[in-house]
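Colleague: Need a 3D model of the following:
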Amino acid sequence: MLRGYGVPALPRIAKGFSPGRSNSSGVSSSVGWRRQAMAGVSKSVNGAGAVPPPVHPTYNLREVIQLALSEDAGDRGDVSCLATIPAEMTAEARFLAKENGVIAGIALADMVFQELDPSLKTDWAVEDGSTVEKGQVFGKVCGNARSILTAERVVLNFMQRMSGIATATKKMADAAKPARILETRKTAPGLRLIDKWAVLIGGGENHRMGLYDMVMVKDNHIAVAGGIENAIFAVTKYLEEKGLDIGVEVETRTLDEVRRVLAILDKGKVTRIMLDNMVSTQANGDIDVGLLREAVEIVGGRVQTEVCIMPRKIFLTLILLQDQTGFWKRYFKHSRKDWEHWCDLHFEWRFDTLGLSIGHLLQS
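Modeller: Here you go, the predicted model:
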């Protein structure tokens with residue numbers, strides 16, 4: 001168990017840690033912790049294999065976990081547990097789904113337990129990306145009662161948020177096929193990698209991680225550069241000078257802008273065109289995709305096309321594969337009502353005392 005979270009100190013790193021199934025105690029290096037943490041991540045809903053978190057050059061997932069634990073425990077630890085739970089007591093807590101949805105965050109939950117107390121053992125009946133039903137017990141954690149209760153809210157907060165995102169993503173991704181669903185940078189500060197990880201688990205795909213890994217030429221850049229052509233030429237020159245091989249996405253708002261971008265594809269680097277605000281809602285609630293359809297036809301598959309929309313509180317992006325605009329009406333009609341509570345899937349934490357250690361029984 002770890003000093004700083006209101007429990008005695010033990011080694012911070014567990015050897016042989018394998019999130020998604022179980023963990024065990026021991027010691028390893030920080031690099032080893034990260035490798036082990038990724039070794040057991042489970043399969044996604046589309047069966048594409050293990051889904052590790054997205055790659056980011058500066059994001060430290062372990063530090064995020066440590067911050068979450070320390071902000072909850074403060075400088076005194078869990079005073080409720082310290083006052084009422086004997087130090088040697090062991091317990092078992094079971095995860096119970098309170099509604100239907102897609103589970104995400106099992107691997108991250110194991111990392112939290114691992115960080116707090118390497119002696120805690122988890123056993124999961126499902127994997128990240130699995131569908132669960134209301135009332136289903138899908139996992140349990142056993143070990144020191146104080147440690148389990150100290151980790152409880154952090155684990156549930158991560159899992160509920162990730163599962164809500166994964167559930168909403170799966171609905172969108174299933175409705176959008178064969179188009180693909182992407183997210184944006186409109187994520188909770190400090191939780192971007194976790195939010196984007198949940199999108200992957202739900203069957204979506206990641207857009208750019210930040211400002212560094214893709215060029216997005218938007219209206220502000222175009223205005224300052226003096227036109228869409230000038231902006232594209234400036235980006236092309238910059239990438240060549242810096243030796244960067246990254247994608248370039250250009251925002252267009254009219255059919256004229258689409259044509260202007262296409263006219264200079266042989267002179268400037270453009271890998272994707274965003275078709276912005278080309279979908280409108282009619283008075284009767286139907287979705288008008290006429291302008292969008294025409295734009296996709298003009299592009300004709302020469303570059304990827306992307307559409308950004310905002311149904312209620314969800315920001316998402318679609319890559320349209322050739323002419324797949326028929327998706328839009330199906331998507332809006334069948335799923336707008338689902339997005340209000342997109343970032344939370346409710347779980348219940350059932351806590352059972354298994355007994356006291358022999359040492360504690362002798363003392364009593």
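Colleague: For burial, what's the neighbour tally of Thr84?
Modeller: Using other Cβ atoms under 10 Å, Thr84 is surrounded by 12 other residues. For every residue, glycine as well, the C-beta is placed using N, CA and C.
Colleague: do Asn206 as well
Modeller: 15.
Colleague: was I right about it contacting Lys196?
Modeller: Yes: if you go by Cβ atoms under 8 Å, Asn206 and Lys196 touch, sitting 5.1 Å apart.
Colleague: Spit out the residues that contact those two alike.
Modeller: Taking Cβ atoms under 8 Å, 6 or more residues apart in numbering as the criterion, Asn206 and Lys196 both touch 54, 183.
Colleague: Which parts of this structure belong to which domain?
Modeller: 30-165+344-363, 173-338 (automatic domain parsing).
Colleague: Out of those, which one sits most buried?
Modeller: domain 30-165+344-363 (a mean of 18; mean count of other Cβ atoms under 10 Å).
Colleague: pLDDT of it, averaged?
Modeller: Mean pLDDT, domain 30-165+344-363: 82.
Colleague: what does stretch 268-281 give?
Modeller: Stretch 268-281 carries an average pLDDT of 88.
Colleague: Run through who's touching it.
Modeller: Against stretch 268-281 from outside (Cβ under 8 Å, 6+ apart): 216, 229, 232-233, 235-236, 239, 247-253, 258, 261-262, 264, 287-289, 291-292, 295-296, 299, 303-309, 319-320, 328.
Colleague: Filter those residues down to just the ones in strands.
Modeller: In strands, judged by DSSP state E, the following of these are found: 216, 247-252, 287-288, 304-309, 319-320.
Colleague: can you map out the strands along the stretch 51-200 of the chain?
Modeller: 90-97, 101-102, 121-124, 131-132, 137-144, 180-182 (DSSP state E, counting those that start in this stretch).
Colleague: Okay, now stretch 181-200: how far is its last residue from its first?
Modeller: Length of stretch 181-200, first residue to last, Cα to Cα, to the nearest Å: 10 Å.
Colleague: Please read the previous query as pertaining to stretch 241-257.
Modeller: Using Cα to Cα, the two ends of stretch 241-257 sit 26 Å apart.
Colleague: Same check on stretch 256-274?
Modeller: OK, stretch 256-274 end separation, Cα to Cα: 13 Å.
Colleague: so how far is Ser70 from Arg76?
Modeller: 11 Å (Cβ to Cβ, to the nearest Å).
Colleague: before we move on, what about Asp117?
Modeller: With Cβ to Cβ as the criterion, Asp117 and Ser70 are 15 Å apart.
Colleague: Surely Val154 and Asp72 touch.
Modeller: Yes: look at Val154 against Asp72 with Cβ under 8 Å: they come within range, at 5.8 Å.
Colleague: Now do the contacts for Val154.
Modeller: With Cβ under 8 Å, 6+ apart, Val154 has these contacts: 65, 68-69, 72, 112.
Colleague: so Ile273 is in which element?
Modeller: strand 272-276 (DSSP states H and E).
Colleague: Show me what the following helix or strand past that strand pairs with in its sheet, parallel or antiparallel.
Modeller: Helices and strands here follow DSSP H and E; after strand 272-276, the next one along the chain is strand 280-281. Using DSSP bridges, strand 280-281 pairs in its sheet with strand 287-288 (antiparallel).
Colleague: Please give the centre-to-centre distance between the one helix or strand Ile222 maps to and its chain.
Modeller: According to DSSP H and E, Ile222 maps onto helix 219-225. Mean-position distance between helix 219-225 and its chain equals 31 Å (Cα atoms, centre = their mean, to the nearest Å).
Colleague: what's in contact with that helix?
Modeller: 228, 231, 234, 251, 253.
Colleague: CSV please, covering those and showing distance to Thr167 and pLDDT.
Modeller: Converted to CSV, those look like this (distance: Cβ to Cβ, whole Å; pLDDT from 0 to 100):
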residue, distance to Thr167, pLDDT
Ile228, 38, 97
Ala231, 38, 98
Ala234, 41, 98
Glu251, 30, 95
Arg253, 32, 93
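Colleague: Where do the helices of the chain begin and end?
Modeller: With DSSP state H as the criterion, the chain has helices at 30-39, 61-73, 79-84, 106-116, 145-176, 192-201, 219-225, 228-242, 255-263, 290-299, 327-335, 358-363.
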